[in-house]
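[1] using only what follows, build the 3D model:
(2 chains)
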Amino acid sequence: MSELLHRYAHARAGDKGDRLSLGVFVYQDAHYSWLVEQLSESSVAALFEHRGVSHVTRYLLPHLNGMNLVLDNALQGGVNGALNLDGHGKTLSALLLSMKVTPPQI
Amino acid sequence: MTVVVGCGAGFSGDRTDAARPLVDALMSYDAPRALMFETLGERTLAAAQLRRIKDPDSGDEPLLEEFLSPVLSDCLANHITILGNFGAANPDAACRRIQQLAKRLGHSQACLATIQGDDVRDRLHALDWQAWEGEKRSISALEQVVAANVYLGADALIEAMTQGAQVVITGRVADPSLALAPLCYYHNWARDDWHSLAAGALAGHLIECGTQVTGGYFADPGVKEVPGMASLGYPLVEVERNGRLIVTKPAGTGGLVTEQTVKEQLLYEIHNPSAYITPDVVINLEHVRIKQLAKDRVEVTGVRGKPAPDRLKTTVSFLDGYQGEAEISYAGPNAFARASLARETLRQRLALRCPANLRTRFDLIGISSVFDGDSQLAARTIEEAASDIRLRLAVEHADKSVVELATQELLALYCCGPAGGGGVRRHHTQRLKTASYLVPRQQVAPTVTLHGGEGNE
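    From the prediction side, this is the model:
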């Protein structure tokens, strides 16, 4: 049984050049370690593979029950070069939250 | 002692009726207060520079009067310093407009300051450039440079306040510095008191996008409810001398300040949370704690600072080719098949008519407008049952006529495309791009110029 990450976490996207950052936080503190399990650098890279992402860096923030994900080359040139309607990649927080996850046990 | 800073705009297109409730709230504090306006995105300044090239008296924030006229009089009368990067590419022009506005409001003695020194367009060959992280273009390879601006820190702004400025008008400064300057000025923090400076810069970071910390850009019905979306309160941050800070908003406004809204903004546009680089201090967010104290009051503690960087980020904007966009709609039975046929027809026509180096992208809006890559469609987005679809073509080329030729092919679908296509729109723009570099701090010399008033000296 899988569900969407959206049920358990909220997120916001930011951009600098061709690099996308995604701050993502669980609603319930108890789900933090589950989030760390679900959102590995490789699972996030797989979700954004069709965007041409070259590298994902994950920064954990246990005090905030969240993490910052930094995705290189996710924006097809970003606001400077993209032909995409959303050159900033602002909508991509919702792409992250559409990830199918195994629900937490608690 | 507590110092309170409000933010009346988070970008150039922000709501212009935002500052009034903020100033009412600021006036109710028995504490030093300031109001910042952040209206300068990465490319906003270059667009302003293009306006200035056409008209030497323009190039500042077009909505300046709309932002300031509801609050300028009360700010001047109540010692609420206004700091804004609304000078954009022409702080002197903004200064003249604010002086006229102040005069009309009966404040002909208002003391204004302009900050210069961010614009290094005339010094491209004199500076020691280093590519910013990830920047692949060499500065010498850039043609048609429109603007080159260093992100200045808080120093010159503090100096302007020391000289008695009531309104501080800047071009490019780091967004958080607009709040850090009044915090440094009133708290008298040493310029190497890194933990305090980090707290002040973080206060600026949290409020510099306006409502993004008070419920804007947050609502997700059923999951994250936000009351009063049409009357969102803009943020206030109360900062104590020891660096403890509280984010809040004016009473009676919409929106909300919660641990969640603050967390989302805390990491906004940040990469490594242990080293968020500003011109004034490098901020470490790893130990930050966020705590709801009361309704719409959230405390942020634990921020740490490290010495300011030796080099300052500089954004160079340049014109580079043309972009064209064109769209056509297909709706009703079999819409997906007709839109797909239109896309395939366009692909073939562009291959026939346009040079091979034309960059193209197609979207089927109604199925996927933003998530897909330029060439790879995510399989899960295919939805053949969709019945109201807009085919979008976006192209880029160095030659304007090629771009026009490409979008012309979408227009031709009116007669030559599948049945029932309609609502074509076409749009062409010259592309304004940016590249980022680092220049040595010593090569940048911000200056303060006072206009009017009697000053403190």
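[2] drop to CA atoms for contacts and neighbour counts, all remaining ones
    Fine.
[3] where exactly do the strands run in the stretch 301-450 of chain B?
    Under the criterion DSSP state E, counting those that start in this stretch, the stretch 301-450 of chain B contains strands at B:304-306, B:311-331, B:359-365, B:388-397, B:422-440, B:447-451.
[4] for chain A, which of those strands is the nearest?
    Nearest to chain A, of all the strands of the stretch 301-450 of chain B, is strand B:422-440, at 4.7 Å by Cα to the nearest Cα.
[5] quick one, the closest one and strand B:388-397 angle?
    With axes from the mean of the first three to the mean of the last three Cα atoms, to 10 degrees applied, the angle from strand B:422-440 to strand B:388-397 works out at 50 degrees.
[6] picking that back up, turn the strands of the stretch 301-450 of chain B into a markdown table, including distance to residue B:203 and mean pLDDT.
    Formatted as a markdown table, those follow (distance: least, Cα to Cα, whole Å; pLDDT from 0 to 100):
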| stretch | distance to residue B:203 | mean pLDDT |
| --- | --- | --- |
| strand B:304-306 | 13 | 98 |
| strand B:311-331 | 20 | 96 |
| strand B:359-365 | 39 | 95 |
| strand B:388-397 | 40 | 96 |
| strand B:422-440 | 25 | 95 |
| strand B:447-451 | 24 | 98 |
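[7] can you lay out those as JSON lines showing distance to residue B:348 and mean neighbour count?
    Converted to JSON lines, the strands of the stretch 301-450 of chain B look like this (distance: least, Cα to Cα, whole Å; neighbours: other Cα atoms under 10 Å in any protein chain shown):
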{"stretch": "strand B:304-306", "distance to residue B:348": "57", "mean neighbour count": "23"}
{"stretch": "strand B:311-331", "distance to residue B:348": "16", "mean neighbour count": "22"}
{"stretch": "strand B:359-365", "distance to residue B:348": "12", "mean neighbour count": "21"}
{"stretch": "strand B:388-397", "distance to residue B:348": "13", "mean neighbour count": "24"}
{"stretch": "strand B:422-440", "distance to residue B:348": "19", "mean neighbour count": "18"}
{"stretch": "strand B:447-451", "distance to residue B:348": "57", "mean neighbour count": "18"}
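[8] as TSV, the ones you listed with distance to chain A would be great.
    Below are these laid out as TSV (distance: least, Cα to the nearest Cα, whole Å):
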stretch	distance to chain A
strand B:304-306	14
strand B:311-331	8
strand B:359-365	6
strand B:388-397	6
strand B:422-440	5
strand B:447-451	28
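[9] could you dump these to CSV with distance to residue B:171?
    Formatted as CSV, the strands of the stretch 301-450 of chain B follow (distance: least, Cα to Cα, whole Å):
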stretch, distance to residue B:171
strand B:304-306, 26
strand B:311-331, 13
strand B:359-365, 34
strand B:388-397, 30
strand B:422-440, 17
strand B:447-451, 12
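[10] out of those, which is closest to residue B:87?
    Closest of the strands of the stretch 301-450 of chain B to residue B:87 is strand B:447-451, at 13.1 Å (criterion: Cα to Cα).
[11] chain center to the closest one: distance?
    Counting by Cα atoms, centre = their mean, to the nearest Å, strand B:447-451 is centred 25 Å from the centre of its parent chain.
[12] pull up the pairing partners for that strand, direction included.
    Here strand B:447-451 has these sheet partners by DSSP bridges: strand B:112-116 (antiparallel).
[13] give me the mean pLDDT for the strand it pairs with.
    Over the span of strand B:112-116, the pLDDT mean works out to 98.
[14] who's in contact with it?
    Contacts with strand B:112-116, where a contact means Cα atoms under 8 Å, 6 or more residues apart in numbering or on different chains, come from B:91-92, B:95, B:99, B:156-157, B:160, B:165-171, B:446-453.
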